[in-house]
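Asks: fold the following.
(one chain, ligands or ions: 1)
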Amino acid sequence: MTADVIDGKAFAAGIREKVAGHVARLSEEHGIVPGLAVVLLGEDPASQVYVRSKGKMTREVGMKSIEHRLDAGTSEEELLSLIAELNADREVHGILVQLPLPGHLNSEAVIDAIDPAKDVDGFHISNVGKLATGQAAMVPCTPLGCLMMLREQLGDLSGLDAVVIGRSNIVGKPMAQLLLRDSCTVTVAHSRTKDLPEVAKRADIVVAAVGRPKMVTGDWIKPGATVIDVGINRVDGGLVGDCDYDSCAAVAGAITPVPGGVGPMTIACLLANTVTACCRAHGLAEPE
Ligand code: NDP
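Replies: The predicted model follows:
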């Protein structure tokens with residue numbers, strides 16, 4: 001068997017096109033331009049690449065991109081005061097503080113300072129609680145992108161066995177919540193899970209969000225299962241996922257490549273979340 005390749009790059013381009021359509025309508029019909037503010041501290045090269053491409057894609061869909069690049073030594077007080085300004089700015093509908101933050105800053109305090117209605121990353125405790133209790137939340141972009149690809153590939157996810165490997169607040173836990181919301185039977189695995197290959201092999205859906213290059217191999221995968229590889233690992237100057245692509249693709253029904261799978265969906269979902277936040281802020285109907 002050779003798995004279908006889930007083309008995240010093409011899917012993400014389609015989402016950005018839809019977002020651009022919504023942005024154009026907001027502007028024509030209501031005179032509103034959605035604005036996304038991104039705050040970056042320090043010189044971390046990977047974060048700089050993400051922020052640059054977020055800014056570029058924000059402008060490409062017709063939204064306003066506001067970038068704040070601050071020194072790595074910025075104090076928590078200064079950062080919180082910038083967030084307060086952005087919270088109060090009516091032209092800013094989404095705020096994203098690029099993680100990880102320099103070690104002297106308390107990420108929880110910083111995230112909790114963002115107005116939950118502008119928290120397009122979906123990391124604020126209020127959005128986490130809303131997602132867990134089934135209320136309208138801002139949903140974290142990476143798991144949201146994974147869910148969209150799963151729905152596109154499989155249709156109704158109801159009753160499917162899903163194994164999420166990884167329990168981080170930004171990927172694993174919200175992914176598990178989203179799959180539960182779609183009526184999957186969800187197992188969340190982590191570094192202490194016993195017999196992980198056996199656990200994974202029961203799953204119709206495997207989402208790997210671990211950060212260990214090629215950890216998941218084909219013998220962990222049930223024939224025909226759908227494999228979503230969230231991992232981004234830099235190895236020998238190239239990028240590889242958490243799944244060993246060749247051996248998994250030989251068994252799976254469908255699989256996301258790295259690069260070109262989950263990664264592009266994350267930014268597309270960030271743009272979609274910003275439009276949603278803008279519509280909510282203005283009491284307008286949200287895009288589907
Ligand atoms: P974290 O490091 O926060 O979490 C990793 C998780 O993997 C933890 O829950 C950890 O378990 C678990 N884990 C570690 N080792 C093992 C093991 N041997 N067996 C089973 N579980 C294990 O990572 P993130 O969730 O932030 O990111 C995961 C990956 O996804 C990374 O490669 C990251 O670069 C990538 N990523 C990609 C994005 C994209 O846009 N495509 C966005 C965000 C992340 P425990 O809790 O027990 O320590």
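Asks: the ligand contacts on this protein?
Replies: 142, 165-168, 170-172, 189-193, 196, 209-212, 230-233, 262-263, 266 (CB under 6 Å from any ligand atom). Backbone N, C-alpha and C define where each C-beta goes, glycine included.
Asks: try it again with 8 Å
Replies: With the criterion set to CB under 8 Å from any ligand atom, the chain comes near the ligand through 141-142, 145, 165-172, 189-193, 196, 208-212, 215, 230-233, 241-242, 258, 261-263, 265-267.
Asks: tell me the buried residues within those residues.
Replies: Neighbour-count burial (16 or more other CB atoms under 10 Å) applied to the residues of the chain next to the ligand gives 141-142, 145, 165-167, 170-172, 189, 196, 208-210, 215, 230-233, 241-242, 258, 261-263, 265-267.
Asks: local confidence estimate at the nearest residue to Pro287 once chain neighbours are set aside?
Replies: Excluding the flanking residues, the one nearest Pro287 by CB to CB, 6 or more residues apart in numbering is His22, at 4.9 Å. pLDDT, His22: 98.
Asks: how near is whichever residue of the stretch 1-150 of the chain sits closest to the ligand to Gly166?
Replies: Residue nearest to the ligand within the stretch 1-150 of the chain (CB to the nearest ligand atom): Thr142, separated by 4.1 Å. Distance, Thr142 to Gly166, using CB to CB, to the nearest Å: 11 Å.
Asks: any shared contact partners between those two?
Replies: Shared contacts of Thr142 and Gly166 (CB atoms under 8 Å, 6 or more residues apart in numbering): Ala209, Val230.
Asks: which parts of the chain are strands?
Replies: Ranges of strands in the chain, per DSSP state E, are 4-5, 35-41, 64-70, 94-97, 161-165, 185-189, 205-208, 226-229, 233-235, 238-240, 254-255.
Asks: now render the ones you listed as JSON lines, adding distance to Gln153.
Replies: Formatted as JSON lines, those follow (distance: least, CB to CB, whole Å):
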{"stretch": "strand 4-5", "distance to Gln153": "7"}
{"stretch": "strand 35-41", "distance to Gln153": "28"}
{"stretch": "strand 64-70", "distance to Gln153": "31"}
{"stretch": "strand 94-97", "distance to Gln153": "28"}
{"stretch": "strand 161-165", "distance to Gln153": "13"}
{"stretch": "strand 185-189", "distance to Gln153": "17"}
{"stretch": "strand 205-208", "distance to Gln153": "9"}
{"stretch": "strand 226-229", "distance to Gln153": "6"}
{"stretch": "strand 233-235", "distance to Gln153": "23"}
{"stretch": "strand 238-240", "distance to Gln153": "22"}
{"stretch": "strand 254-255", "distance to Gln153": "5"}
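Asks: could I get those as TSV with mean pLDDT?
Replies: Output for the strands of the chain, formatted as TSV (pLDDT from 0 to 100):
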stretch	mean pLDDT
strand 4-5	98
strand 35-41	98
strand 64-70	97
strand 94-97	98
strand 161-165	99
strand 185-189	98
strand 205-208	99
strand 226-229	98
strand 233-235	94
strand 238-240	94
strand 254-255	98
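Asks: show the contacting residues for the nearest residue to Cys269 once chain neighbours are set aside.
Replies: With CB to CB, 6+ apart as the criterion, Cys269 has its nearest non-adjacent residue at 4.0 Å, and that residue is Cys141. By CB under 8 Å, 6+ apart, the residues touching Cys141 are Val120, Asp121, Gly122, Met265, Thr266, Ile267, Cys269, Leu270, Asn273.
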